[in-house]
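Engineer: Sharing a model prediction with you, sequence too.
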Amino acid sequence: MNLPPPNLDPALFAASDLELHFPARVFGQQPVRALAGVTFSIFPGETVALVGESGCGKTTLLHCLFGLLTPTSGSVRFRGQEISALRGAAGQRFRRQAQLVFQDAGAALNPRLRIREAISEPLLAHGLLPRDAARCRAQELLDMVEIPRREHEALPSQISEGQRHRVVL
């Protein structure tokens, strides 16, 4: 039987006793406990849904998982590495592998960028391809998700919500 080496976390994402407190807005008030004792693991191949009532901390949790907010205490690990320790090249590798998908795809797109430009932008920002190659790759990707060629130059507001979701993914 093949066992993983000791001390290696097989989880893709793992949160352990995660807490996040926001300071009080008014002097004398208690801090707001946005997250309290959140612990879970997500393993490769699993599909997980995060559900809850409005204001319960779903978005705050995701922001902690992706390093956009720093927890007050606890830890968040991606493939065994602490998110807060991912800087420089390691941080770039993480951002290439992880993606937040929000319910409102239109809010994730820059309303001033044409659809093809929105696809090319991360390829250019991460130095993965030169401009002409990024443009060609964006066109290939848009073709793969069946966005009609005439809409490659459209603004996000000019395509359907379903098409915006495909562009974001």
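Structural biologist: Right, received. Where do you want to start?

Engineer: which other helices and strands contact the longest helix seen in the chain?
Structural biologist: Determined from DSSP state H, the single longest helix within the chain is helix 131-144. Here helix 131-144 touches helix 115-125, going by 3 or more C-beta pairs under 8 Å, 6 or more residues apart in numbering; DSSP states H and E. Heads up, the C-betas are built off the backbone N, CA and C, glycines and all.

Engineer: Give me the residues contacting the helix it packs on.
Structural biologist: 109-110, 113, 128-129, 131, 134-135, 137-139, 141-142, 147, 151-156, 159, 167 (C-beta atoms under 8 Å, 6 or more residues apart in numbering).

Engineer: residue boundaries of the strands in this structure?
Structural biologist: 13-22, 32-42, 73-78, 81-82 (DSSP state E).

Engineer: okay if I get these as TSV plus mean neighbour count and distance to residue 63?
Structural biologist: Below are the strands of the chain laid out as TSV (neighbours: other C-beta atoms under 10 Å; distance: least, C-beta to C-beta, whole Å):
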stretch	mean neighbour count	distance to residue 63
strand 13-22	18	9
strand 32-42	15	10
strand 73-78	18	10
strand 81-82	12	16
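
Engineer: Adding distance to residue 61 and mean pLDDT, write the ones you listed out as JSON lines.
Structural biologist: Listed next are the strands of the chain as JSON lines, based on distance: least, C-beta to C-beta, whole Å; pLDDT from 0 to 100:
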{"stretch": "strand 13-22", "distance to residue 61": "7", "mean pLDDT": "92"}
{"stretch": "strand 32-42", "distance to residue 61": "6", "mean pLDDT": "91"}
{"stretch": "strand 73-78", "distance to residue 61": "9", "mean pLDDT": "91"}
{"stretch": "strand 81-82", "distance to residue 61": "16", "mean pLDDT": "86"}
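
Engineer: Of the contacts of helix 115-125, just the buried ones, ChimeraX syntax please.
Structural biologist: Here is the ChimeraX selection string for the buried members of the contacts of helix 115-125, based on 16 or more other C-beta atoms under 10 Å:
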select :109,134,135,138,139,141,142,147,151,152,154,155,156,159,167
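
Engineer: mind showing which ranges of the protein have poor pLDDT?
Structural biologist: In the predicted model of the chain, residues 1-9 satisfy pLDDT under 70.

Engineer: Excluding sequence neighbours, find me the nearest residue to residue 92.
Structural biologist: residue 126 (6.5 Å; C-beta to C-beta, 6 or more residues apart in numbering).
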